[in-house]
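Enquirer: got a predicted model here, sequence first, then my questions.
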Amino acid sequence: MSIAIENFVKAIYKNGKRDNNDTKPGNIAKELGISNAAATDMAKKLAVKDLLHYKKYQELKLTDKGTKMALNVVRKHRLWEALLFKLFDLSLHDIHREAELLEHQTSDLLANKISEYLGNPKFDPHGDPIPNAKGEITTTDTSISLSNAKEGKTYVISRLMSDDKEFFDFCAQHGLKYGNTILVSKQFSKNKMTQTLINNNTILLNEDFTSIIYVNEHH
């Protein structure tokens, strides 16, 4: 299967998992940096291959076969991220970029070997779940976005839902890392800002950030 096809089903899968849940061709086009016409063409082609359901002006829905393919690519991507993170001192953004290339060139055999080597991790360095060899995600996600967190509560950072370099540089600088503890000291709901305390530093985050940083309650 071509890289373009793998990236297309992966984009539908990932967009379908986000809060806004929009998998219309135009949105997938934006995600992949291609024209709307190209996205529509691709959607029609993949409908013929039984990888997705296409209806004009409707959101794209993956078939079981399409979902399986997407999860297989996602598995390889996240395993590579976990491996590169362990082996090299690369930024999360660089790890993501390398994994984008490697995910398409990796056999199932190698993916399973990487998983074994890492002790079959359930999460990658961003806190995204790694599907198992059957393409199942075996963890339940109970996390909420920082924008929905309650004042005065302490949380653990569970996911950083981005692949933007600036975002990761900022996070690395301020200790906003997967697994770190963060206190929500104040929610400015009218101004859509969240005041947090991390590593004894007070940081004020706006909605652009709090909507893509996910946390779990600290027990």
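Expert: Structure received. Model, not experiment: these values are computed from the prediction.
Enquirer: how about the contacts made by the residue most central in space within the chain?
Expert: Taking CA atoms, centre = their mean, the centroid of the chain lies closest to M161, which sits 4.9 Å from it. By CB atoms under 8 Å, 6 or more residues apart in numbering, M161 lies in contact with R18, H126, D128, I212, I213, Y214. Using the backbone N, CA and C atoms, a C-beta is placed for each residue, glycine as well.
Enquirer: spell out which helix or strand contains the closest residue to the third one other than its chain neighbours, please.
Expert: What it means is D128. Using CB to CB, 6 or more residues apart in numbering and skipping residues adjacent in sequence, the residue nearest D128 is R78, 5.8 Å away. Counting by DSSP states H and E, the element that carries R78 is helix 64-87.
Enquirer: any stretches of the chain with poor pLDDT?
Expert: 1, 19-21 (pLDDT under 70).
Enquirer: got the residue ranges for the strands in it?
Expert: Taking DSSP state E as the criterion, the chain contains strands spanning 52-53, 61-62, 144-145, 154-160, 181-188, 193-198, 201-206, 213-217.
Enquirer: show me where this structure has helices.
Expert: 3-17, 25-32, 36-48, 64-87, 92-102, 108-117, 165-173, 207-210 (DSSP state H).
Enquirer: let's have these in TSV, adding distance to K190 and mean neighbour count.
Expert: Shown next, in TSV, are the helices of the chain (distance: least, CB to CB, whole Å; neighbours: other CB atoms under 10 Å):
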stretch	distance to K190	mean neighbour count
helix 3-17	29	20
helix 25-32	29	19
helix 36-48	36	16
helix 64-87	37	21
helix 92-102	32	18
helix 108-117	46	14
helix 165-173	24	15
helix 207-210	12	17
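Enquirer: can you put the ones you listed in a markdown table and add distance to S143?
Expert: Shown next, in a markdown table, are those (distance: least, CB to CB, whole Å):
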| stretch | distance to S143 |
| --- | --- |
| helix 3-17 | 12 |
| helix 25-32 | 22 |
| helix 36-48 | 30 |
| helix 64-87 | 16 |
| helix 92-102 | 18 |
| helix 108-117 | 23 |
| helix 165-173 | 16 |
| helix 207-210 | 13 |
